[in-house]
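Okay, sequence plus prediction incoming.
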Amino acid sequence: MKIRELLEILDKKVPFNSAESWDNVGLLIGDSSNEVNGILTALDCTYDVVEEAIDLKYNTIVAHHPLIFKGVKSIINDDAYGSIIYKLIQNNINLIALHTNLDVHPNGVNAMLAHQIGLENLKVLNPQKEQFYKVQVFIPKENADTFKDALDQNGFAKESNYEYCFFNSDGTGQFKPVDNANPTLGQLNVIENVQEAKIEFMIGKSQFDKVIEIIHQYHPYEVPVFDMIPMDRLSDTGLGMIGELSESRSIETFVKHVKSALNIPSVKFTGDIHSRVKKIAIIGGAGIGFEYSAQKQGADLFITGDIKHHEALDAKTNGMNLLDINHYSEYVAKDGLVSLISEWTDYDNIRASQINTDPFKYM
């Protein structure tokens, strides 16, 4: 498998365009024509992680956090980040980042955290809206099946695990060719009535230009008649997960469980220490700003990281329980990515980094 093929699979499963506009995902360093000879998954691409890949003779690192966020003005071997980039290039190691696009994936980082702490009946906390189009094409009935076959072969009219998803209705098309028209059917200056099929199907926003090209290529009319109707719907992707424990627990009992399940030496709690919790919402990394959405959905506790003093105080004042599990809790993405990439590809030379990249020491 080449890097290019791996990127195509990742882009299909965890679309790069679903990342935040400020993010930096995809192939950050490398050569897409390289053959993959081992994949190391990591939370952060540090110098030690690069050395680990070199020791394993792996040439591909898939990290959750991007190494490059801002414009790089120089790559110098004795500079902190420059030395990492220099070492990657020097050893022909490819670096791929899956960050906020993995955060919003239904089986991404937040689902990994939720499963790790034992949440059940999971659903996305903040579903994204996705724009799509309902396409209506009017075509002679005799050409309808061939036209649908062409659409299907070009990847259209697919919904989840279903293909060839069309709605068909019959009617009479009417037109009169005039001037310099070169009609497939009918004669100049004569009104023509044609038994037509209206074919309806759905496409994603990214397919807009391509489907117009395919319609013009395969429609028999000189001027194809079609509509592109924009619509919105809630996606199965989005930030955070909300689920339930099998039974309610005291804060103290649940916090001990979380520390054990995530192997975290310390956490921070704010709220009612005497309350019991059953419905839990979680956003890995830094998810403050969504705690009240979680509260509105009935969450007894909101779990995230990087909570600031005033944010914690505001939440406590507003009756919201918060648990700060540190940003490094996202390390679950290392093993999670091994499972996902193994599932998505037939490649099996994948392992999770053994390097702890938490910058903090707990004293």
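Arrived safely, thanks for sending.

Would you mark the buried spots in the longest strand along the chain?
Counting residues, the longest strand found in the chain (DSSP state E) is strand 225-250. Using 16 or more other CB atoms under 10 Å as the test for burial, strand 225-250 gives 226, 235, 237-245, 249. Placement of C-beta: from N, CA and C, glycine included.

And the helix or strand bottoming out on mean pLDDT in the chain, how far out from the chain middle?
Across the helices and strands of the chain, mean confidence by mean pLDDT, DSSP states H and E is lowest for helix 80-90: a mean of 92. Relative to the centre of its chain, helix 80-90 is centred 28 Å away, using CA atoms, centre = their mean, to the nearest Å.

And for that helix, what's in contact with it?
29-30, 45-47, 50-51, 61, 67-68, 72, 74-77, 93, 95 (CB atoms under 8 Å, 6 or more residues apart in numbering).

that older thread, counting contacts, what elements does the helix or strand just after the longest strand of the chain pack onto?
Next along the chain after strand 225-250, taking DSSP states H and E as the criterion, comes helix 251-262. For helix 251-262, the packing partners by 3 or more CB pairs under 8 Å, 6 or more residues apart in numbering; DSSP states H and E come out as helix 109-116, strand 276-282, strand 301-304.

Off-centre distance for helix 251-262?
With CA atoms, centre = their mean, you get 29 Å for helix 251-262.

For the longest strand of the chain, name the packing helices and strands.
Using 3+ CB pairs under 8 Å, 6+ apart, strand 225-250 sits against helix 109-116, strand 120-140, helix 208-218, strand 276-282.

Could you identify which of the ones you listed is most buried?
Highest mean neighbour count of these: helix 109-116, a mean of 24 (counted as mean count of other CB atoms under 10 Å).

What are the contacting residues of it?
Contacts for helix 109-116 (CB under 8 Å, 6+ apart): 64, 102-103, 105, 122, 125, 239-241, 243, 261-262, 280, 282-285, 303, 329-330, 332-333, 335-336.

can we see that at 7 Å?
With contact meaning CB atoms under 7 Å, 6 or more residues apart in numbering, helix 109-116 is reached by 64, 102-103, 122, 240-241, 243, 261-262, 282-284, 329-330, 332-333, 336.

repeat for stretch 354-363
Outside stretch 354-363, the residues touching it (CB under 7 Å, 6+ apart) are 43-44, 46, 48-49, 52, 265-266, 328.

ends of it, how far apart?
22 Å (CA to CA, to the nearest Å).

which parts of that stretch are buried?
In stretch 354-363, counting by 16+ other CB under 10 Å, buried: 355, 357-358.

Let me have the residues you listed in TSV, adding secondary structure and pLDDT as columns.
Below are the buried residues of stretch 354-363 laid out as TSV (DSSP: H, G, I helix; E, B strand; the rest coil; pLDDT from 0 to 100):
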residue	secondary structure	pLDDT
Ile355	coil	98
Thr357	coil	97
Asp358	coil	96
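
wait, which of the residues you listed is closest to Asn193?
Comparing those against Asn193 with CB to CB places Thr357 closest, at 70.5 Å.

tell me, how many neighbours does the closest residue to the closest one other than its chain neighbours end up with?
Spatially, and ignoring its direct neighbours in sequence, Thr357 is nearest to Asp44 (4.1 Å; CB to CB, 6 or more residues apart in numbering). Residues lying near Asp44 (other CB atoms under 10 Å) number 21.

Asp44 contacts His65, correct?
Yes - if you go by CB atoms under 7 Å, Asp44 and His65 touch, sitting 4.9 Å apart.

circling back: which of the contacts of stretch 354-363 are buried?
Counted by 16+ other CB under 10 Å, the contacts of stretch 354-363 give 43-44, 46, 48-49, 52, 328 as buried.

low-scoring pLDDT stretches of the protein, where are they?
Within the chain, no range satisfies pLDDT under 70.

How is Leu28 assigned, secondary-structure-wise?
Here Leu28 is recorded as strand under DSSP: H, G, I helix; E, B strand; the rest coil.

my guess is it meets Ala63, correct?
No - applying CB under 7 Å, one finds Leu28 not in contact with Ala63, separated by 8.7 Å.
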